[in-house]
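Colleague: For reference, the sequence and a predicted model appear below.
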Amino acid sequence: MNPSSQSSSPTVVADAARPEAGPGVRQHPTPAAPLGPGVAQLLRGWGRTAPSFGRLVRPEDAQALTELLATRPSDGPQGGQPAGGLIARGLGRSYGDAAQSGGGIVVDTAGFDSIGPVDPETGIVEVGSGVSLDELIARSLPLGWFVSVSPGTRWVTVGGAIAADVHGKNHHRDGGFCSHVTSLTLATPTGTRVVGPDTDAELFWATAGGMGLTGVITGATLRLTGVETSWMVVDTERFAVLDDLMAVMDASDASYRYSVAWVDFSPGHRGFGRAVLTRGDHATAGALGPARRERAVEVPHAPRLRVPVLAPRWLVNPATVRAFNEVIFRRSPRRRPGALQPLASFFHPLDVVADWNLLYGAPGFVQYQFVVGAAQAEAVHRTAAMLQAARVSCSLAVLKRFGPGDPGPLSFPMEGWTLALDFPAGQERLPALLDQLDQLVASVGGRVYLAKDARLSPELLAVMYPAVGKLADVRRRVDPDGLLGSDLTRRLGLSGAPRE
Amino acid sequence: MNDAFGRPQSVVVLGGTSEIAGALVDLLVADRCRTLVLAGRDREALTAAAARARSGGAQRVETVVFDAADVAAAAAAVAESFAAAAEGVDLVVVALGLLSESPADASEPSRVVELITANFTWPAAAIGAAAERLRVQGGGRVVVLSSVAAVRARPANFIYGSAKAGLDRFALGLSEALRGSGVLVQVVRPGFVRTKMTRGLRPAPFAVGPEAVAAAVLRGLQRNEPVIWVPPVLRWSFVVLRLLPGPIWRRLAPK
């Protein structure tokens, strides 16, 4: 491809200045120049570790995306070097390297931003893949509809939610995000297809949690959940030890629609393992007092606080981590049934501060989330013991129960316990500790969540996701040349031309 | 790919037969590294180092022979190493070096050229070529073995120190120039390292083994440190040592 053919491409947002070839005119720093359109940019995940330089392209419509998928990466200027793959990116909320592709093309889905009418009978709505859950909720909530599955932040796109098959606090009851997708439009290197659980189920489920390896999702039809108000009725309970918490979750989670527990795994104090369990459901109009009935439906507001700059690397340290967790515990009531809470503070507590990931400073942070079977509660206890022994600082820990998983070969949820752990990334003992946790999780048939992952080894991926071969079958059909891929899929040995 | 902790899967080592490189490779292949290219002068030593890496867990090990006196061929050696890796390269380690403990070497122009070339000119040309390849590929790391002698040389090793000073400054400057490109150049400044290169010399305070240097490099990769001191105490020691008046330095620095 030469520069003149690039300029005719309809997908060009702005072409970063590229030096002419030849000696003497090169300047540093110049943007990386894998051939292709778009803006050369350093991209990273929410954890801010392992950035890479790729070309960010924003197709304005399906036609532009089709043309982009029809271009094949030619050899780089030095020849023989593999070009990075093509991968979709929404709001960049995956924690690791899932939505970036060094030397490749990253497709920004923001152009697919349509929100169709919500069917007043069924709650079915057609949306573009670049629509954020925040935008969708803002549109649907006044009509009495809420997303059927909401992760811990509203700042994810519909496309990203499908590609990671995200889950919410109601997974034990309602399953993952893709259980509420009735169809999706997928642009693949071999053409655009509309698929659903009943039409090409194989491709649909390979896309659900498929981390972008089957194509670029451009739109989806979702089934929303009817709600009468934007309030939640919440029961809160505090626990001194992990055992008591898990016993209560085991016994009575089934009677709540939403349930999640925060656990204090900050190191080196007697409160290690204490927890706060919050469970609830949407409040009916009748449950609101007269004062609140006035504002029964309120759309969540944008964050009012913002972390303005990258924090110094010492800010998140064992002392501040412990203090933060102490505050969470102290401000939670010992036991409070039936409290009314706005929807946003129940589902998206961290969304009140924009760019909170900058608090971790230059080293960034990693989240380690795993799931083990319901009979493997012991693995959660062993994890706690390993955390305590390693004296690694864990800034945030969240425990919840999953219901049965989806058929997606790379979909994360499966019935059992899931634990999500946030860590400042610069801790010396952390890499080895997480490798040990991988071994533990794999040995009991569990798996780690790829949307959070930034450090799993390819050897263990195949153990944790034994159905991964099914994804390769689908990819032979939709991406025979191995055009699609991200830093994550390269790291895990998932991309490249699918092997026979 | 480099993971969140800067752990590479595919590594090129220039100067792959040095003891520090060997210790580093041991740790890298025990971790995530599966593809390894060892480049060096001595074919036999390279073969031995490759066998050691394979038994340590590397799946594919290639060797490349180069001559550090041939500056014009530095870029070609880098190109050959990248081609041998046959996939993206995550980390390039630059570990070659030639020690001189004889101030008399300065009176021999050919010896001066040899020392400066092996310690500065060839590595600098190679680092520049490697960094450019990493930039085009969308990211990666270069780790450059410098020395505390780059900060203040002992009277006996000033030729070596002067070359390392040039290399050290070159690497840091390049790292700065490449900010925002996804390429990170990191400098390692060990103190006295007990290796075959330093055999027979009186160890300086805070002397370490090659394994300590390797462990420090892994830590530095994880923490994205621009300058990795080994042992870490030297970072603060040299704040003082570099400013010591000559008469005191001459007494402290081993001949």
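Modeller: Done, it's in.

Colleague: what about the chain, any weak spots by pLDDT?
Modeller: Just so you know, I chose chain A. For chain A, applying pLDDT under 70 flags the ranges A:1-37, A:72-83, A:497-500.

Colleague: oops, chain B please
Modeller: Scanning chain B for pLDDT under 70 picks out the ranges B:254-255.

Colleague: longest strand in it, by residue count?
Modeller: If you go by DSSP state E, chain B has its longest strand at strand B:183-190.

Colleague: And that one, what does it pack against?
Modeller: When contacts are defined as 3 or more Cβ pairs under 8 Å, 6 or more residues apart in numbering or on different chains; DSSP states H and E, strand B:183-190 packs onto helix B:122-137, strand B:140-145, helix B:158-177, helix B:210-223, strand B:227-230. For the C-beta atoms, the positions are set from N, CA and C on the backbone; glycine is no exception.

Colleague: Confirm that residue A:192 sits in a strand.
Modeller: Yes: Residue A:192: assigned to a strand according to DSSP: H, G, I helix; E, B strand; the rest coil.

Colleague: Tell me how many other residues crowd it.
Modeller: Neighbour count of residue A:192, defined by other Cβ atoms under 10 Å in any protein chain shown: 15.

Colleague: Repeat that for the one 4 residues further on.
Modeller: Residue crowding around residue A:196 was assessed by other Cβ under 10 Å; the count is 15.

Colleague: cool, and the one 5 residues further on?
Modeller: Using other Cβ under 10 Å, residue A:201 has 12 neighbouring residues.

Colleague: Quick check: the residue of the stretch 201-350 of chain A nearest chain B.
Modeller: residue A:313 (8.2 Å; Cβ to the nearest Cβ).

Colleague: typo on my end, it should be chain A
Modeller: Closest contact between chain A and chain B, by Cβ to the nearest Cβ, is at residue A:102 (2.8 Å).

Colleague: Who are the contact partners of that residue?
Modeller: Contacts for residue A:102 (Cβ atoms under 8 Å, 6 or more residues apart in numbering or on different chains) come out as A:52, A:53, A:54, A:84, A:487, B:1, B:88, B:137, B:138, B:139, B:182.

Colleague: let's see it at 7 Å
Modeller: Counting by Cβ atoms under 7 Å, 6 or more residues apart in numbering or on different chains, residue A:102 touches A:52, A:53, A:54, A:84, A:487, B:137, B:138, B:139, B:182.

Colleague: Go through those residues and give me the one with the most neighbours.
Modeller: residue A:487 (34 neighbours).

Colleague: these two touch, right, it and residue A:97?
Modeller: Yes: with contact defined as Cβ atoms under 7 Å, residue A:487 reaches residue A:97; the gap is 3.7 Å.

Colleague: between the two, what contacts are shared?
Modeller: Joint contacts of residue A:487 and residue A:97 (Cβ under 7 Å, 6+ apart) are A:50, B:1.

Colleague: check contacts around the residue in the stretch 51-200 of chain B that chain A sits nearest to.
Modeller: Closest to chain A within the stretch 51-200 of chain B is residue B:138: 2.8 Å, counting by Cβ to the nearest Cβ. Residues near residue B:138 by Cβ under 7 Å, 6+ apart: A:32, A:34, A:52, A:53, A:54, A:84, A:102, A:103, A:104, B:182.

Colleague: Now the residue nearest to it when sequence neighbours are not counted: which helix or strand?
Modeller: Leaving aside its sequence neighbours, residue B:138 sits nearest to residue A:102 (Cβ to Cβ, 6 or more residues apart in numbering or on different chains; 2.8 Å). Counting by DSSP states H and E, no helix or strand carries residue A:102.

Colleague: Residue A:228 too?
Modeller: Per DSSP H and E: residue A:228 is located in neither a helix nor a strand.

Colleague: Touching, it and residue A:285? I think so.
Modeller: Yes: between residue A:228 and residue A:285 there is a contact at 4.4 Å, judged by Cβ under 7 Å.
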